[in-house]
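Engineer: Pasting the sequence and the predicted model now:
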Amino acid sequence: MKTRADLIIHNASIYTIDEDFSTVESLVVDRGKIIAAGDAAELSAKYKAREVFDAEGHYIYPGFYDAHCHFPGYGTGKLQRADLTGTRSFGEVLERVAAHASAGISEWVEGRGWDQNDWEVKEFPGREALDSLFPDRPVMLIRIDGHAALVNSEAMRRADITAETAVTGGEIILENGIPTGILIDNAMELVRKHIPENDPQLLRAALLLAQKDCFAVGLTSVTDAGTDVSLIRLMDEMHRSGALKMKINAMLNPGDPEYMDFMAAGVFKTERLHVNSVKLYADGALGSRGACLLEPYSDAAGKYGFIIYPESYYREVIGLAYKHGYQVNTHAIGDSANRFMLDLYAGYLGGPNDRRWRIEHAQCVHEDDFDKFGRYNIIPSIQSTHATSDMYWAGERIGPDRIRGAYAFKRLLDQNGWLPNGTDFPIEEISPLLTFYAAVARKDLAGYPPGGFQPENALSREEALRSITTWAAKGSFEENEKGMLAPGMAADMVILDKDLMTADADEIPGINVLYTFVNGELVYAR
């Protein structure tokens, strides 16, 4: 008698992403988990399923896992902010903002995604044009990296920002002694705290919108890089109701007054929600010159960037995390910020360990600091599309010597033998196929540069695929439940129309997601 199951998938090339990187023809799923994987004829003879899915010869992988993104922020941004990504001038920014503001979504006019490095005039804009368009409505337009913003005079008035306003871990840019409207890192919070909180109904809609777009690109799990406790409770509620199916690992936001009590209660774990880490920021971003460097910026004499908080702040949060068994995951871009956090971690970790504390981004690392990742088992959490987004101007920012230690993903991989990879969406595009492409090709979508940007730091296709599946899961202590298609693992799967392992490199960005499954449930069909 055949064993009953919920689902058999056959007629496929299935990459299990197990230790041997083996492939099989068929999977058997029951109660959301894989119970068998192997030869199609053998499994058909042994199992009888309620549903049989013919993959029509296509290619199946574990559901993709974005190891660093901003999942709720992606959804809320789409619902209430002007999309300023891809703008080629400040004039185009103003056009999009004016069109968005005319909808009257709220009194505050918000936007995100501008990048002055993409403009002919590669300088920060000023507030004058915004003042003319919006003399009475407050405006906040966040740069693509989330570490700088342009605000108008009304926004600064409400935040009581003047030329004399002091800020630690950030900067209010002045020109002739007057604020230009550009705020860097912590200075942004002076305005942001005056923007009304999102209501729960909008947050629910935002989570569902983000989920829909994630499923469409093959993402079944995400790590959200900085989440308030109230939002964690909302996601848990929506998981329990069945409305939210996306699997989420949420890093606690230490700026939330509730985070200490939540952490003290221990690691939070359900089938679809996992909270076992805290997110810190060491510095800002290269694009806005807030990343903290050991030597001045090559294109801005006397500017070093800055560490955002006093050392005592980091020690307080890290000490609590160490005590309660939480991971510490810290945004660090500049070589000074990376050294600061690596040395701070080392003081707590002491040597080899399995706490999996992470450096998020690890973009610019000094030659003397690479080995600290391996010596203390500190995990570099990378976003391979950052390299291909920044490559046009990063060399100007940090010069020819430091650029060799920047976006050095292969060198970082070699430290521990594995690393998690993500997109940082909405800062970058949401698709993990673009993450894979940037990791292996080190090129933009136009094929530039022909030989790849610093190709010695490209990942192999197997390494790149592991980085967005099983290594991404391992980065959150989830490798025993997802990221691999083997008995006992969650039946999270994505079916593509071409093979990531054999397709021409320039074909990869155009590969289509045909189907996405979460716990054996079909959640997306093209």
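Structural biologist: Great, that's in hand.
Engineer: what about the residue nearest to Pro200 when sequence neighbours are not counted, which helix or strand?
Structural biologist: Leaving out its chain neighbours, the residue that sits closest to Pro200 by C-beta to C-beta, 6 or more residues apart in numbering is Leu234, at 6.6 Å. C-beta coordinates here come from the backbone N, C-alpha and C atoms, glycine included. Using DSSP states H and E, Leu234 sits within helix 229-241.
Engineer: Give me the contact list for that helix.
Structural biologist: Applying C-beta atoms under 8 Å, 6 or more residues apart in numbering, the external contacts of helix 229-241 come out as 72, 200, 203-204, 207, 244-245, 248, 250, 252, 256, 258-259, 262, 268, 270-273, 275.
Engineer: And the residues you listed, which of them are buried?
Structural biologist: Buried subset of those (neighbour count, 16 or more other C-beta atoms under 10 Å): 72, 203-204, 207, 244-245, 248, 250, 252, 256, 259, 262, 268, 272-273, 275.
Engineer: Nearest to Asp185 among these?
Structural biologist: Nearest to Asp185 among these is Asp256, at 18.3 Å by C-beta to C-beta.
Engineer: secondary structure class for the closest one?
Structural biologist: coil (DSSP: H, G, I helix; E, B strand; the rest coil).
Engineer: Phe373 reaches Leu342, doesn't it?
Structural biologist: Yes. Proximity of Phe373 to Leu342 meets the contact threshold set by C-beta atoms under 8 Å, at 7.3 Å.
Engineer: shared neighbours, those two?
Structural biologist: Ile359.
Engineer: lowest-pLDDT helix or strand in the chain?
Structural biologist: Here the helix or strand of the chain ranked lowest by mean pLDDT, DSSP states H and E is strand 82-83, holding a mean of 90.
Engineer: What strands line up against that strand, and which way round?
Structural biologist: Paired with strand 82-83 in the same sheet, following DSSP bridges, are strand 109-114 (parallel).
Engineer: From the contact counts, what lies against the one helix or strand Leu190 maps to?
Structural biologist: For Leu190, the element it lies in under DSSP H and E is helix 186-192. Packed against helix 186-192 by the contact rule (3 or more C-beta pairs under 8 Å, 6 or more residues apart in numbering; DSSP states H and E) you find strand 139-143, strand 148-151, helix 153-158, strand 170-175.
Engineer: Which residues does it contact?
Structural biologist: Helix 186-192 has contacts (C-beta under 8 Å, 6+ apart) with 138, 140, 142, 147-149, 151, 155-156, 158-161, 165, 167-172, 183, 308.
Engineer: Just the buried ones from those residues?
Structural biologist: Here, 16+ other C-beta under 10 Å leaves 138, 140, 142, 147-149, 151, 155-156, 159, 161, 167, 169-172, 183, 308 buried among these.
Engineer: what about the helices in the stretch 201-350 of the chain?
Structural biologist: Under the criterion DSSP state H, counting those that start in this stretch, the stretch 201-350 of the chain contains helices at 229-241, 259-264, 311-324, 335-349.
Engineer: Can you tell me which of the ones you listed is most buried?
Structural biologist: Among these, ranked by average contacts under mean count of other C-beta atoms under 10 Å, first place goes to helix 335-349 (a mean of 21).
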